[in-house]
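Novice: Can you look at this prediction? I've put the sequence above it.
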Amino acid sequence: MATIKTNCAIIGGGPAGYTAAIYASRANLAPLLIEGMQPGGQLTTTTEVENFPGYPEGISGPQMMEDIRLQAQRFGADIRLGVVTSVDFSKQPYTINLGNSEVIEAKTVIIATGANARYLGLPDEQRYMGMGVSACATCDGFFYRNRNVAVVGGGDTACEEAAYLASLANKVYLIVRKPFLRASKVMQERVLSNPKIEVLFNCNTIGLFGEDVVEGAKIVENKGTGNEREFEIQIDGFFLAIGHTPNTALFKGQVELDAEGYIIVKSPSTATNIPGVFAAGDVADPFYRQAINAAAAGCRAAMDADRYLIDR
Ligand code: NDP
């Protein structure tokens, strides 16, 4: 079994992890970053990124991630593909076990494992991914100016995304499986009073259709009741807003998590309940979920790790 020692191990290759690697390398921590099965993280599943400062013409998600990764390597970050199978944060140095039987011993750890948007599980979501299906209105809404779109979900995210899309799109359907919205009162009012938003209560999506891109959705209303009815809506964009799942299963029982499974950090620092273990990006952020915020948190995590080592 090979053991690799490092001052700073970074788990996760997305904007948070790569940015942490840039800052940690430049602070001479010689970080080791383990990128998982999807190097580049969620942004590799988007097409164009138009809201990250510094790219006036926009940039593809995978290209942006590759650029940040190269920037980290330029300063000496050791970036390796690997699957972390378990961690032990009970004593220093912390150990991170990799599937190939290598073990990392780290004085500090930055967790940047991200979160995954939840999908309904329809085969059509995969078929039209990036061709009308999206889980981020802030990222992709701009492509649907003056078009018709649908948002699925009844929580704060769905209402916020529906309101945001209504400022760009011609019409927004909000597809809610229950007869009520779960969102906060203020968000409910914002949605219900918006003439561009039509809320379809008691409705579930059963499929999407379109030649190459999304052109519509098949909906079932009052499923399983005597009033069940199927109908179609004509839409160009289908946005999922049914929650995210933070990738924290590995850390359960060691790192303090909130009720939704997000890592709790002592904001504005990125410190977790374990000294020397920091968290950055979507794994600790149920609210903003933007690459720019993840990158900023990655920067803070590297600075926090550096200060922690200096203090010791
Ligand atoms: P939530 O878990 O609050 O809501 C998820 C929504 O998706 C619910 O309406 C749920 O329906 C629906 N849903 C889940 N699975 C399915 C499915 N398979 N089919 C159809 N609908 C489904 O997630 P959010 O992302 O909205 O919010 C997460 C947290 O972040 C919350 O605490 C929220 O308050 C907070 N937040 C706060 C914001 C703010 O303050 N500005 C902005 C955004 C989020 P059902 O109700 O039937 O379970």
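Specialist: Everything's here; your move.

Novice: okay, and the helix or strand of the protein with the least pLDDT?
Specialist: strand 48-49 (a mean of 76; mean pLDDT, DSSP states H and E).

Novice: Check which element follows that strand along the chain.
Specialist: Next in sequence after strand 48-49, counting helices and strands by DSSP states H and E, comes strand 59-60.

Novice: in its sheet, what does that next one sit against?
Specialist: strand 48-49 (antiparallel) (DSSP bridges).

Novice: Now the residue of the stretch 51-200 of the chain found nearest the ligand. Nearest residue, chain neighbours left out?
Specialist: For the stretch 51-200 of the chain and the ligand, the shortest gap (C-beta to the nearest ligand atom) falls at Gly155, measuring 2.4 Å. To be clear about C-beta, it is placed using only N, CA and C from the backbone, and glycine gets the same treatment. With sequence-adjacent residues excluded and distances taken as C-beta to C-beta, 6 or more residues apart in numbering, Gly155 is closest to Arg182, at 4.9 Å.

Novice: do the same with Gly14
Specialist: That would be Gly41: by C-beta to C-beta, 6+ apart, it lies 2.6 Å from Gly14.

Novice: ok, now how distant is the one you found from Ala305?
Specialist: 20 Å (C-beta to C-beta, to the nearest Å).

Novice: again, but for Asp212
Specialist: From Asp212 to Ala305 the distance is 46 Å (C-beta to C-beta).

Novice: between the two, which one's more packed in?
Specialist: Each of Asp212 and Ala305 has its neighbours counted (other C-beta atoms under 10 Å); Ala305 has more, 30 against 9.

Novice: and the residue nearest to that one when sequence neighbours are not counted, what does it touch?
Specialist: Using C-beta to C-beta, 6+ apart and skipping the chain neighbours, the partner closest in space to Ala305 is Thr108 (4.1 Å). By C-beta atoms under 8 Å, 6 or more residues apart in numbering, the contact list for Thr108 reads 7-9, 29, 94, 276-278, 305, 308-309.

Novice: Show me which of those are buried.
Specialist: 7-9, 29, 94, 276-278, 305, 308 (16 or more other C-beta atoms under 10 Å).

Novice: pLDDT value on the nearest residue to Gly153 once chain neighbours are set aside, please?
Specialist: Of all residues not flanking Gly153 in the chain, Ala241 sits nearest, at 3.8 Å (C-beta to C-beta, 6+ apart). Looking at Ala241, its pLDDT stands at 95.

Novice: thought Ser134 was touching Ile235?
Specialist: No. Under the criterion of C-beta atoms under 8 Å, Ser134 makes no contact with Ile235, lying 11.9 Å away.

Novice: The residue nearest to Asp78 when sequence neighbours are not counted bridge partners, please.
Specialist: Using C-beta to C-beta, 6+ apart and skipping the chain neighbours, the partner closest in space to Asp78 is Leu32 (4.7 Å). For Leu32, the beta-bridge partners are Ala9, Asp78 (DSSP bridges).

Novice: ok so, going back, any idea how far Tyr288 is from the residue nearest to Gly155?
Specialist: 20 Å.

Novice: Same check on Gln234?
Specialist: Distance from Gln234 to Tyr288, by C-beta to C-beta: 32 Å.

Novice: circling back: number of residues surrounding the residue of the stretch 51-200 of the chain closest to the ligand?
Specialist: Using other C-beta under 10 Å: Gly155 sits among 17 other residues.

Novice: Now for it: which residues touch it?
Specialist: 181-183, 241-243.

Novice: Check those one by one and keep those near the ligand.
Specialist: 182, 242-243 (C-beta under 6 Å from any ligand atom).

Novice: If you rank the residues you listed by neighbours, which is first?
Specialist: Neighbour max across the ones next to the ligand among the contacts of Gly155 (other C-beta under 10 Å) = Ile242, 18 neighbours.

Novice: surely that one meets Gly121?
Specialist: No. If you go by C-beta under 8 Å, Ile242 and Gly121 don't touch, sitting 10.5 Å apart.
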